[in-house]
Every structure is written in C-alpha cells, then in structure tokens.
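**Student:** pasted the sequence and its predicted model underneath.
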Amino acid sequence: MFSKELEKILLTVQKPGRYTGGELNSVVKNKDDVAIRYAFCFPDTYEIGMSHLGMKILYSLANAREDTWCERVFAPWVDMEEKMRQQGIPLYALESGDAIADFDLIGFTLQYELSYTNVLNMLDLAGLPVKAQDRTALTPLVIGGGSCVCNSEPIAAFFDILLPGEGEEVSEDMIDLLKEHKQKGSSKADFLLAASQIQGVYVPSLYDVSYNEDNTVAAVTPLQNAPAKVAKRLVSDLDMMFAPDSFVVPFLEVVHDRVTVEIFRGCIRGCRFCQAGFIYRPIREKSPATVNAQCQALCESTGYDEVSLCSLSTSDYTGISELLPSLLDWTVDDKVNIALPSLRVDNFSDELMEQLTKVRRSGLTFAPEAGTQRLRDAINKNVTEEEVLNTVRKAYGGGWMAVKLYFMIGLPTETFEDIDGIADLAQKVVDEYYNNPDRAKGKSVAVAVSVASFVPKPFTPFQWEAQDTVELIEEKQRYLRDHIKTRKINVSRHNAQTSFLEGVFARGDRRLAQVIELAWRKGCRFDGWDDQMRIDLWLEAFEECGIAPEFYANRKRPFDEILPWDHMDYGVSKTFLIGENKKAHASDTTPNCRENCSGCGVTRLNGGVCDALN
Amino acid sequence: MRSIRVWFTKKDTAKYTSHLDMNRCMLRAVNRAGLPVWYTEGFNPHPYITFALPLSLGIESEGEPMDMRIEGDMENDEVKSRLASVMPRGMDITAVTDVTDNAKTICYAEYGMDLEFNTANEAADFCEKAKALVQEGSLKAEKIGKQGRYKVTKQVVLKDLIVGFTAECVQDRVVITTVLSAGSSANLNPNLLLDTLIKETGARVAVIKITRKRLLKADFGVFS
C-alpha cells in the first residue's frame, strides 16, 4: 500500500510506527465506494493526536457513514518531514497511504495556539497553497474545529470554514452539504454561501474586518447575508449522541493510552481563568448507565486495561456514586483500572479514594491554582487551604506518597505575596505528611509543584486583562524557586516565552496571519515543543511585519472595545463576563451553578436547558 | 496453570512495531480475546508474556513464538481461534502449541532477504561479490556492545556467526537465504550482515525486505 520511496525512509526515522497506520480498529474502506474522502488532521505528533478524544469520536462518526471514508493524518516530526521533502513524498493519510491533496475534506482540530504553524506546514507538505483564497477549487475544502475556533481570527486566512462549538452534528451537516454540492458541481463560492447559513458554521471570507488608527478593531461586517453573530453548535442530549464503540489502538505508546469516556460537558465551577469552563457550557450529563455501557464496550473492543472518565471536574458528576459501583462490578474481575482525572479537593471522599485503589494505584493531582485565599477568591477557584490539607491527609493515610499540585502565576491582581503563598502551601503539604502518625516509616514524600503561566483567553472574565510580560513571569518564577526551602518539593515551570506567544494568538486578530505565515516560512513549527520553539524567528517575523506582539498579549482592554472575537457567540453573555471581571477585582466569589444559577446566558443556545438547574 | 506457545507472523506495516510495543500489543490482544491468562500477583498485576527471541524493528517474520500462562482447561485450538479473531493486520496466529523446547535452546535463525536493485547488472554484480565475500570469510563488522555500564564498540568476525548463505540473482533482484547465530550467547542481526555486505560491495539497493523464516536448535532441528 505504501510507495517504495516511503518504505525506504521509514527505517531511517525515529519511531516509524507513527507513519505506518495499520493499527487495530483503524478503518479501511474501498475508495471507489465512498462519495467523500475526509482527512482528519491533528497538527501535532502521532502520540499527542492519538490521545485526543474528540478525534476518536469524529473519526468513528464519519466512518459510520457509508458514503464517507475518514482517515487520520498527523504532523510528521522534523526528521520525517525532512526525508519526505527530500524524496518528494506528499503528506498522506495513514489508512490508505494516499496523498491528502486529492481528498474532498481536510479537517484540522485546533486545540492550542502553538500548533498553528503545523497547520500551515501540513497544508504545504500536502502540496496545497496555505491561504484559502489561493485554493480555488471546491475540494479539498479545509475546515477547522476545536476550542481555538472561539477566536480563530489569526488563522482565519488559511481556512475555508471554521466550526465553533461541538463537532458531532455539524460534521454530519458539512459532509451532507459538501456531497450535495460536489455532485452538483458547485463553485467553492456557492458552497461557502450555503454553508454560512448553517448554525455553527463560520466562513471567515464572508466577514470584512476594519481597524481603528490605534490598531483596535473598528468593525466586523458580514457580507452576503452571513449572520452577524455566529452561534456555536452544541449537542443537547449526550445519551443520544453518537459514541464510538471502538478506538484505534496504537502500537506506539501514546500520551493517553487508555479508554476515555466523557461523563458530562460543561462545568459548574466558573473559575474565571478557565476558558473551557465557559465555552463548553451549559452542563449536560451523560447517564451512569450509558457511561458504564460505553466503558465496557470500549474495553472489550480495544483490550485496554485502563478507563479514564473524562470531564472538566469529575467529582462534580452527580451520577458518580451510582457509576463507580457499576464500573467496579466488572473492572475488578477484568483487571481494569479506573482513572478519575480532574478531581476537586473539596469533594474528594474516603469512599472514592478506596474505590480508586481497587486494581492499581495511580497518581494524585490537585489544582489549588493560586497560593493565597485572596487570589483563589479573585479567580473564583473556590477551595480553601483547609480543604487542600484535609485531602492530602486522606491521601497520605491511603498510602500515597507523591502528590502533584498545579498552580498558575501571572494571574490578574497577583502580588509577590501570592507567590509566597505557593511556596507556603507546598511546604504545608509536605509538613502534613510528617504530621501523619500512620505514615510509612523511613519513606519520604515527594511534592511536585507545576507552575503554569496564566494566559488570558477569549470568553472568560479575564479576556480584557493584560498578560504579565515575559520578564515579570521569569522574575516571579525565580522568586518562587528561591522561596522553596526543601528538596522534597520539586518545582516545574512553563517556558515564559511560549506562554507569551500563546497569549498573542489567543486574543489576536486577522493581521497576525502574515506573522504566522512568515514565521513558518522562516522554519517555525512544533512551537509548543521547547526543543523546537524558535522565539528569535518569531520576533524577527513580528518585526518584519511591523506588528508589536505586546499589543495583543500585554495590553489591558477597556470593556467597550470591540474584541476580534465579538462576532462569535458561545452563549455566555458579555454582561455576565464583565460582572465576573469586576467581582474578581473585588476578590468576590460566585457560587457554583448548582448552588445558584448566575445567569451566564448560555441556556439560550440549548432551549433553556442546563443540567445544573435540575 | 499451564504454559502455551503462540506462533504469530509479523508482516507488512506490522514490522515497524518495536519489541516494547509488541509486548503492549499482545497484552491487549489477550484482553480482547478474553483468554484465562495467568496474572502476576504483585502491586501491578499483569499477564506474564515472554518472547523467545525478540525481532528487530523492520524485519518481518513467518512465525514468532510467544509464551504465556493460562489457567483452566482451555484447549490450544480454542486459544488460537480466539486470538486469531482479534489480532491487528499483519499479525496472524499460525499455531498455538504446548511448550516443547526451552527458549534457551535457540541457536540459529534462518532469514530470507529480498533485495531489489535499480538494474539487473547491479543485482548480478552484488550477488557475485556478496557470495565471494562470505565464502572468503574475512568479513568484519563493528557492533556496539556493553561492558559493565559503558558502551563499547566491538569488532565482530562475521564468519563465525554465518552458518549458511546462498544468494541467487533473478533479474533485478537478489534473493538470499542465510542461517545466522541467534540467541543469548552468540547472535548476528541480519541487518548488520546486510549493511556490511552493502558497504563492502559499494552496492545501492533500492528496496530491502528481510524475513525471519524459522528458529533452529543446536542440532539444526526446528525450534518448537
């Protein structure tokens, strides 16, 4: 199935298994039997992309259709890219080995801003022009989805269509519409006009953006009847929603190498820094019976020995006490481990902990996010120090000796006192271990403190805030390191420059497209990888384009400024976000959605329904 | 509890699966097949699976042995049909047998090499030169080995490790069958032999396909 040229280079690159396909449950069809060939592209390595649940769902969903063959494509690592370019091998899809330039639909999932140069690189490797306006034929149509679409302006020029919100229903709509127009022989322009009338479809070329002299956005004008506001798509009933009954099982070890099943979408917590907590609203729960059945079916079809329940905050799932016993009914006998990521410290029960250790003990991670109560209140991360310490006490009692704590620095209103608070809290977590009379004698505790740099994101109450400069972040990182007094605490931090770039693109506008293209032409790719990131080339690109990146990252915006993403509608109202921002500056908390609905406005997109209201 | 030996092929893209990945792949296959496999009893219970002679990345095989322990009285045929229905493409179950020979008795392995050249002349040239070089017996290669904690480069005299070697030129292809030392005491990777031959002859090979045909014992009886 693969060409001789490809066979020849496969044994000369690292991990050839990334490029060969053939995995269990990968879908092979006869290309002559399908109307639409769909290349689902993840703009990062195989190991990262194969861990992504969204891709697994949409891959199965598209392949469940008889008229469509969906195949997977990942970004070749730099060694493979070099060989492919040398040998003139175009980017191909893993299932068929066929060049994706001949496909009908090329879909990218945009999960993080630092994958943007990989998108351009993959289009170029496929032999396609990177800019949408230079691809004049109807197919291949280049579409994008994923969380970055909530502000896709910096990369809008490279896409024909972007799909804000959830992909399950709109993918079907796109395939149906493309099939129809391909059969009719429509022009690309006619197709895009028709597509723009579907809810959850954003056709960037149908919007004209003008700017003020101070570089802020003056207006976004829809053309040819395109909607003034593009509302995201969402699936109302998760029990009825398409769910895959098998996953492709990779040969290589990938990052998340297990069965993953979603238990609910949305989050009741409203942490003000968290984009996912706002853009995935409203709360929609899957029933425990559905979750249990899906877990069991997937374990049987894949042979995985670990199941991970996926959501933004697992312990907020109302069905957890019903679900766990039904899972344990079969997982213990089948030696299947249950992983519960994203647990909160305020509702982590003894019972939950006991159940988790029935097969194998996995790691324990908590996210206090900020070091002081004042700052935790400002960001609305409603946990107290007492709750954190109570939980680690239980964990130590349960036999854990390694705890991971997640924090952020650079949060709005943060002072150096708050950084002291991170060091103090980590120390108290260590002390708690030695205060425990039942601890295993002669053994030491290891507390891993992971400190991310805060990046303000669209559709959060902090979307107007200035991001800390690289210099200030690095100063705070040094300050923290100097205030850690024991080797039992290990601090890891994020590259401040990477966070800076992420911040620029998260809240950028369309003028950044030229910077992205130039940086990519200079050789930037895999910008999220510390060993590949070339900040020097990026800064050169900004300079040559005459664009100051600080304008996007480090500038505080007034509430009345038109933001580049204001024509996208994710349901949550601006009035609500402004209110939350003001409360943050007053260190005033907002109760979670189950305690008290705070009227974010999202139910408007879901017929008034939100499971937090029940 | 009893031990069984599962024989499987490794063909086409499956050959790009490394030994470490094979282990994980087989554990999952065992789970999917619902075999009553015996689990270790430590903190991390897992099925106990061993491969008699791991296969290098990029080499195909017509029959690799993998040993595991099962509980209860499931017949070998039942194990075979269950496993066969859940294997990835390129890995077919050819047999499930009782364990006759200890893995330590493996002494040699027979390989087939199928080399494709750009022209028939190049193929014929390589074929003659390769046969002469092996016959002459002075072939040496460098092998990276370990001495305690350190990596050292060792000179290996290949003739001691090549037990059989035939080469035949068919148009633009050369088909080699060779028996090489294999196992824990003396082992020659077919890639090392081929790389040395290519280097010494200065040949340019377009496509290389190496297949392990079977494993042999000291008396050249087939390992089973």
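**Tutor:** Thanks, I have the structure now. Numbering: from 1, shown residues only, chains lettered A, B, ... in the order given.
**Student:** could you use CA atoms for every contact and neighbour count after this?
**Tutor:** Fine.
**Student:** break down chain B into its strands, ranges please.
**Tutor:** If you assign secondary structure with DSSP state E, the strands in chain B sit at B:2-10, B:49-51, B:60-70, B:93-98, B:106-117, B:140-147, B:150-157, B:162-170, B:173-181, B:205-217.
**Student:** can you list the strands that the first one pairs with?
**Tutor:** On the basis of DSSP bridges, the sheet neighbours of strand B:2-10 come out as strand B:60-70 (antiparallel), strand B:93-98 (antiparallel).
**Student:** what are the buried residues along the last one?
**Tutor:** In other words, strand B:93-98. Neighbour-count burial for strand B:93-98, counted by 16 or more other Cα atoms under 10 Å in any protein chain shown, picks out B:93, B:94, B:95, B:96, B:97.
**Student:** let me see the mean pLDDT of it.
**Tutor:** Taken as a whole, strand B:93-98 has a mean pLDDT of 96.
**Student:** and the contacts of that strand?
**Tutor:** Residues lying outside strand B:93-98 but in contact with it, judged by Cα atoms under 8 Å, 6 or more residues apart in numbering or on different chains, are B:3-9, B:63, B:76-77, B:79-80, B:83-84, B:87.
**Student:** do the same with the first one
**Tutor:** Contact with strand B:60-70 is made by B:1-12, B:14-15, B:35-38, B:47-53, B:94, B:99, B:209-214, as judged by Cα under 8 Å, 6+ apart.
**Student:** spatially nearest residue to residue 140 (excluding sequence neighbours)?
**Tutor:** Just going to use chain A. Using Cα to Cα, 6 or more residues apart in numbering or on different chains and skipping the chain neighbours, the partner closest in space to residue A:140 is residue A:104 (4.4 Å).
**Student:** hm, I was asking about chain B
**Tutor:** residue B:157 (4.6 Å).
**Student:** next one: residue B:82 from chain A, what distance?
**Tutor:** Spatial separation of residue B:82 from chain A under the definition Cα to the nearest Cα, to the nearest Å is 13 Å.
**Student:** just to check, that residue is in contact with residue B:33?
**Tutor:** Yes: with the criterion set as Cα atoms under 8 Å, residue B:82 and residue B:33 qualify as a contacting pair; they are 5.3 Å apart.
**Student:** and these two? which has more neighbours close in?
**Tutor:** residue B:33 (21 against 18; other Cα atoms under 10 Å in any protein chain shown).
**Student:** what residues does that one make contact with?
**Tutor:** Contact partners of residue B:33, counting by Cα under 8 Å, 6+ apart, are B:82, B:83, B:85, B:86.
**Student:** just these now: which is nearest residue A:250?
**Tutor:** Top of the list for closeness to residue A:250, among these and by Cα to Cα, is residue B:86 at 14.2 Å.
**Student:** how near is the closest one to residue B:80?
**Tutor:** Per Cα to Cα, to the nearest Å, residue B:86 is found 10 Å from residue B:80.
**Student:** those two - which one has more neighbours?
**Tutor:** Neighbours per residue, other Cα under 10 Å: of residue B:86 and residue B:80, the larger number sits with residue B:86, 22 against 18.
**Student:** let me see the contact set for that one.
**Tutor:** Neighbour list for residue B:86: B:29, B:32, B:33 [criterion: Cα under 8 Å, 6+ apart].
**Student:** what does residue A:553 give?
**Tutor:** Shown here is residue A:553, whose contacts under the criterion Cα under 8 Å, 6+ apart are A:466, A:467, A:500, A:501, A:503, A:504, A:507.
**Student:** give me the domain ranges for chain B.
**Tutor:** In terms of domains, chain B is parsed into B:2-100, B:105-217 (source: automatic domain parsing).
**Student:** what mean pLDDT would you report for the longest one?
**Tutor:** Domain B:105-217 comes out with an average pLDDT of 91.
**Student:** got the end-to-end distance for that domain?
**Tutor:** The stretch domain B:105-217 measures 6 Å between its terminal residues, going by Cα to Cα.
**Student:** chain A contacts on chain B?
**Tutor:** Residues of chain B lying close to chain A by Cα under 8 Å from any Cα of the partner chain are B:13-14, B:16-17, B:21-22, B:24-25, B:27-32, B:43-45, B:58, B:87-89, B:206-207.
**Student:** on that earlier part again, so which of the contacts of residue B:33 belong to helices?
**Tutor:** The helices in this structure, assigned by DSSP state H, contain B:82, B:83 from those.
**Student:** low-confidence ranges in the stretch 1-150 of chain A?
**Tutor:** Counting by pLDDT under 70, the stretch 1-150 of chain A contains low-confidence ranges at A:1.
**Student:** which residue does it have closest to chain B?
**Tutor:** Among the residues of the stretch 1-150 of chain A, residue A:24 lies nearest to chain B; the distance is 4.6 Å by Cα to the nearest Cα.
**Student:** tell me if I'm right that that residue and residue A:301 touch.
**Tutor:** No: with contacts counted by Cα under 8 Å, residue A:24 stays clear of residue A:301, the gap being 9.4 Å.
**Student:** quick one: contacts for the residue sitting nearest the centre point of chain B?
**Tutor:** A centroid search over chain B (Cα atoms, centre = their mean) returns residue B:55, at 4.0 Å, as the residue closest to the centre. Taking Cα under 8 Å, 6+ apart as the contact definition, residue B:55 lies against residue B:19.
**Student:** do you know the pLDDT at it?
**Tutor:** As predicted, residue B:55 sits at a pLDDT of 93.
**Student:** quick revisit: could you dump the strands of chain B to a markdown table with distance to residue A:263?
**Tutor:** Written out in a markdown table, the entries for the strands of chain B read as follows (distance: least, Cα to Cα, whole Å):
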| stretch | distance to residue A:263 |
| --- | --- |
| strand B:2-10 | 38 |
| strand B:49-51 | 34 |
| strand B:60-70 | 35 |
| strand B:93-98 | 37 |
| strand B:106-117 | 51 |
| strand B:140-147 | 50 |
| strand B:150-157 | 50 |
| strand B:162-170 | 59 |
| strand B:173-181 | 55 |
| strand B:205-217 | 47 |
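**Student:** so which of those is nearest residue A:521?
**Tutor:** Comparing the strands of chain B against residue A:521 with Cα to Cα, the closest turns out to be strand B:205-217 (32.7 Å).
**Student:** how far is that closest one from where the chain is centred?
**Tutor:** Chain-centre distance of strand B:205-217: 8 Å, with Cα atoms, centre = their mean, to the nearest Å.
**Student:** buried ones in it, by neighbour count?
**Tutor:** The neighbour-count criterion (16+ other Cα under 10 Å) identifies B:205, B:208, B:210, B:211, B:212, B:213, B:214, B:215, B:216, B:217 as the buried residues of strand B:205-217.
**Student:** tell me the SS of the residue nearest to residue A:202 when sequence neighbours are not counted?
**Tutor:** In space, not counting the residues next to it along the chain, residue A:202 is nearest to residue A:162; the distance is 5.1 Å by Cα to Cα, 6+ apart. Under the three-state scheme (DSSP: H, G, I helix; E, B strand; the rest coil), residue A:162 adopts strand.
**Student:** any idea what residue A:162 is bridged to?
**Tutor:** Residue A:162 has the following beta-bridge partners by DSSP bridges: residue A:144, residue A:202.
**Student:** for the residue nearest to residue A:140, give me its contacts.
**Tutor:** Contacts for residue A:104 (Cα under 8 Å, 6+ apart) come out as A:36, A:37, A:38, A:139, A:140, A:141.
**Student:** would you tell me which residues of chain A are close to chain B?
**Tutor:** So chain A meets chain B at A:4, A:7-8, A:11, A:16-17, A:20-25, A:251-253, A:299-305, A:335, A:359-360 (Cα under 8 Å from any Cα).
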